[in-house]
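Student: just need the structure, nothing else, for what follows:
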Amino acid sequence: MGVAMKNLFSIILLIILFSAMSIAVRAGDAYTEEDIKSMLPKMLGANNVGKEFWFSIPPCYPSDPTDDIKVYVTSPYRTLVTIEVPGEGWRQSKMSVPNDVIVFEVSPTMGQPYWKLPSDPEVPDNVFVGRGVHLYANDPIVAYVVVRYYATSDGFLAIPVSSLGKEYIAAGYPVDPMFKAMWNIYLPNVCLVVAPYDQTKVRFTVGGNSLTVTAGGLRPGQTKEVVLNRGDVLGMSTKGDGGDLSGSRIVANKPVAVITGNQCTNIPIGWQWCDYTVEMDLPTFTWGKEYLVPKIPGRKYPTIIRVYAKEKNTTIYRDGKEFAFLKNTSGTEGNGFLETRLTTGVIKPAIISGDKPIGVTLYNTGSQEDGQPCISDPFVMAITPMEQFQKEITFCMPGTFGGKQFRTANYLALVYETDSLGMTPDDLEFAEVKSGKFVWQKIKNKFPGVDDLFSYKVNGKQYALKILDLPSVGVFKIRAKNPFAGYSFGYDYCDSYGYPTSAALADLEKPDTLPPVPKWKDSCGVI
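Tutor: Just a heads-up that it's a prediction; the model follows:
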C-alpha cells in the first residue's frame, strides 16, 4: 500500500510555503512602510491560512496499535493553538513556535466520526453529533492533517473556515469488487460534511455510477437533507461493489467542510495494490477553465484523469479539440463527470479545458497495470487551474527533516510559459539552500535538456513541461516573472506520493479588479 509519506512531504511543503507567504510583523522588526506594502500581496494571497478549522477523517484501513492521526501546525507567531472534538469532551492546547512546527496526536477513534474494520459492513448514512475535529488559534496558522497507519497513509491540507464554500462536488473512486470476492472485506468510498455553524442546512445529492447505492439506501439523483449544528458530521458511504460517490453535489446555506476518501482503493479497478486516499475537497468557486496536466514519467500507459462539471452543458476539450460533453452539473459518470486517459496512446502532457469552469483530478495507477515490479502505488492529485498559477513557490523533498527518502525517483513537474522562441525563459530560476541561504540559478542551466511543449497554446501563449529529477533531501524555491505550476511526486518499492507543489484558493467567481488599499496603525513602534 502506498501514497505512504505523501502526507509528510506535503506538510513540510506547506510549512515552508506558508513561511514564505505569511511574514510576521512583530515588535522589534525594522520594517519600513515600503517593506510592509511589498509583503501585503503575499500575506493577502495566503488563503490556506486561518484562525479556525473544522474537518473529519474518513475511516482508514486499521492494522496496528500504533495507527494514529497527526495534525501539524505552523505559524509565524507565538500563539495558543487548541484542538478538540466537542462531542467527546476531548481537548489539547499548545503554544506554537514561530516559523516552526508543533504536532497534535489524535487517536483514530477520536479523529474519525466512527470506527470501521475492513471486515465490518459499511456504516449507514448518518449524522454524528459533535464528532467534527475543531482546530483554532489566536493568530493565523496553517494546518496539515496526516492519517498515519501502519500499512497505508495519506494526508490533506486543512482549509480554514474563512476559505470554505457552500457548494462542492465530491471526487472519490469506485470500490473494487475484488475486495469482497477475494477477501470478504468492505472498503467503501466515504464523504464527510462538517458544519462550522449552527443551523446549517445541507443537501447531499448522490452522484456516482449505475452501481452506486449508499449505505443508507440512496441511489444516484436521490437526496439526503439534514440540519447540522456546529461540529456535527454528516457521513455518507457507498455500499457494495463498484459504488462511487464521485459527482455527488453538496450544497449548504452556510460554509461547510467536505472530506472525501476511500478506505483503500485500486486504480484502475481490477489492478492492485490498493491504498487509502483522502482529500479535503475544494469549493467550486476555486475551479477554472484551463488545466495544464503533466505526464507521469516511468509509466507504460497514460495516466487517468477525471473531469467534473460545475455547470450544465459543459463542453470539454483536449488540446483544443472537443472530446466530451457533460450535460449536468455533478451527477453520474458520463453526465456530470467523466473518466479518461490523459492522452490516447502517446504519453505526453495535455491541456484539458472547458467552456465553463471544471475540476480536474489526476489518478496515478498502481504498478500492476504496467506489468512491472511494485514501483508505485496509487495516488490522487488535484490539478491546478491556470487561473491559480503562482510566481514563486518554496518546497522541500521527502527525506528532509527526517522524513522517509524515496530513493527510486523524486520528480517535480514544472509547467511554465516559454519565451518567444519556445525555450525556457531566463527569469525561470531555481534555488537551493547552501550555508543557510538560498542560492539561485537559471533552470535552463541547472536542468538542461529538451522539454515537452504542450501541443496547444492558451490565449496565444506557449507552455512547456519540464521534469526536474531531484534528490530525496533538500529545500528549494522556484520563481519566474510569469505564473507557473508545480507538482511533486515520486516512487519507491510499493510506495508513492503526489501533490501540487503549491496551493492557491482564490475565489474565481469574484473578479478582483481593484488592488487592496491597506490600512494599519502603529501599535508596536514598527512604523
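Student: who's in contact with the closest residue to S119 other than its chain neighbours?
Tutor: In this structure, S119 finds its nearest non-sequential neighbour in I185, 5.7 Å apart by Cβ to Cβ, 6 or more residues apart in numbering. C-beta here means a position set from N, CA and C on the backbone, and glycine is covered the same way. Neighbouring residues of I185 by Cβ atoms under 8 Å, 6 or more residues apart in numbering: 118-119, 179.
Student: just the buried members of these?
Tutor: Buried members of the contacts of I185, counted by 16 or more other Cβ atoms under 10 Å: 118, 179.
Student: for the contacts of I185, which one is nearest T200?
Tutor: Set against T200, the nearest of the contacts of I185 by Cβ to Cβ is P118 (32.0 Å).
Student: how close does the residue nearest to P378 when sequence neighbours are not counted sit to S455?
Tutor: Distance criterion Cβ to Cβ, 6+ apart; nearest residue to P378, sequence neighbours excluded, is I267 at 3.9 Å. According to Cβ to Cβ, to the nearest Å, I267 and S455 sit 26 Å apart.
Student: who has more neighbours out of those two?
Tutor: I267 (24 against 14; other Cβ atoms under 10 Å).
Student: starting from the strand or helix carrying F104, tell me which strands it pairs with and how they run.
Tutor: Applying DSSP states H and E as the criterion places F104 in strand 100-106. Neighbouring strands of strand 100-106 in its sheet, by DSSP bridges, are strand 68-75 (antiparallel).
Student: send me the strand it pairs with as PDB with only the CA atoms.
Tutor: Taking Å, rounded to 0.1, in the frame of the first residue of the first chain, the C-alpha atoms of strand 68-75 are listed here in PDB:
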ATOM      1  CA  ASP A  68      -2.600   7.500  14.600                       C
ATOM      2  CA  ILE A  69      -3.600  10.800  13.100                       C
ATOM      3  CA  LYS A  70      -1.200  13.800  13.300                       C
ATOM      4  CA  VAL A  71      -2.100  17.400  12.900                       C
ATOM      5  CA  TYR A  72       0.900  19.600  12.000                       C
ATOM      6  CA  VAL A  73       0.500  23.300  12.700                       C
ATOM      7  CA  THR A  74       2.800  26.200  11.900                       C
ATOM      8  CA  SER A  75       2.600  29.900  12.300                       C
END
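Student: partners of the next helix or strand after that strand in the sheet?
Tutor: Using DSSP H and E, the helix or strand that follows strand 68-75 in sequence is strand 80-85. Counting by DSSP bridges, the strands paired with strand 80-85 are strand 90-95 (antiparallel), strand 133-148 (antiparallel).
Student: any idea of the mean pLDDT for the first one?
Tutor: When pLDDT is averaged along strand 90-95, the result is 98.
Student: which outside residues touch it?
Tutor: Contacts for strand 90-95 (Cβ under 8 Å, 6+ apart): 78-85, 102, 104, 110.
Student: how far is it from where the chain is centred?
Tutor: 26 Å (Cα atoms, centre = their mean, to the nearest Å).
Student: in CSV, could you pull the C-alpha coordinates for that strand?
Tutor: C-alpha atoms of strand 90-95 as CSV (Å, rounded to 0.1, in the frame of the first residue of the first chain):
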residue,chain,number,x,y,z
TRP,A,90,-11.5,15.9,24.3
ARG,A,91,-9.2,18.9,24.0
GLN,A,92,-5.4,19.7,23.8
SER,A,93,-3.7,23.0,23.7
LYS,A,94,-0.1,24.0,22.8
MET,A,95,1.9,27.2,22.2
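Student: picking that back up, of the contacts of strand 90-95, closest to F484?
Tutor: Nearest member of the contacts of strand 90-95 to F484, counting by Cβ to Cβ, is I102, at 31.6 Å.
Student: that older thread, out of the contacts of strand 90-95, which two sit at the greatest distance?
Tutor: Spatial extent of the contacts of strand 90-95 (Cβ to Cβ) is set by the pair R78 and M110 at 26.7 Å.
Student: and the residue nearest to S119, how far from T315?
Tutor: Going from I185 to T315 by Cβ to Cβ gives 41 Å.
Student: please apply the same query to S248.
Tutor: S248 is 23 Å from T315, by Cβ to Cβ.
Student: cool, D67 as well?
Tutor: Between D67 and T315 the distance is 45 Å, computed by Cβ to Cβ.
Student: with G460 instead?
Tutor: 21 Å.
Student: try M386
Tutor: Here M386 is placed at a distance of 17 Å from T315 (Cβ to Cβ).
Student: neighbour count winner among these two?
Tutor: Between M386 and T315, counting by other Cβ under 10 Å, M386 is the more crowded of the two (21 against 15).
Student: partner residues bridging the residue lying closest to the more buried one once chain neighbours are set aside?
Tutor: Spatial nearest neighbour of M386, excluding adjacent residues (Cβ to Cβ, 6+ apart): E290 at 4.1 Å. Note on E290: beta-bridge partners S353, judged by DSSP bridges.
Student: what number of residues lie near E290?
Tutor: Around E290 there are 19 other residues, counting by other Cβ under 10 Å.
Student: which ones are touching it?
Tutor: 351, 353, 385-387, 458.
Student: for the residues you listed, work out which two are farthest apart.
Tutor: Farthest pair in the contacts of E290, by Cβ to Cβ: I351 and E387, 13.4 Å.
Student: which one of these two has more residues nearby?
Tutor: It is I351, of I351 and E387, that has more neighbours when counted by other Cβ under 10 Å, with 20 against 16.
Student: can you tell me the SS state at that one?
Tutor: Applying DSSP: H, G, I helix; E, B strand; the rest coil to I351 yields a three-state assignment of strand.
Student: now for it: which residues touch it?
Tutor: So I351 contacts 290-293, 317-320, 454, 456, 458, 463 (Cβ under 8 Å, 6+ apart).
Student: which of the residues you listed fall within helices?
Tutor: Using DSSP state H, no member of those sits in helices.
Student: quick check on those residues: which are buried?
Tutor: Buried among these (16+ other Cβ under 10 Å): 290-293, 317-319, 454, 456, 458, 463.
Student: tell me which of the residues you listed is nearest to D281?
Tutor: Y291 (16.5 Å).
Student: list the residues that contact that closest one.
Tutor: 351-353, 358, 360, 383-386.
Student: check it and give its pLDDT.
Tutor: On the pLDDT scale, Y291 is placed at 97.
Student: ok, now S63?
Tutor: pLDDT, S63: 71.
Student: what about it, how many residues nearby?
Tutor: So S63, with other Cβ under 10 Å, has 14 neighbours.
Student: just say helix, strand or coil for it.
Tutor: Strictly by three-state DSSP, S63 counts as coil.
Student: Provide a list of residues in contact with P196.
Tutor: 52, 54, 161, 164, 230, 254-257.
Student: for the residue nearest to S119, what is the enclosing helix or strand?
Tutor: Following DSSP H and E, there is no helix or strand that holds I185.
Student: can you put the contacts of P196 in CSV and add pLDDT?
Tutor: Below are the contacts of P196 laid out as CSV (pLDDT from 0 to 100):
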residue, pLDDT
E52, 98
W54, 99
V161, 95
L164, 94
R230, 99
K254, 98
P255, 98
V256, 98
A257, 98
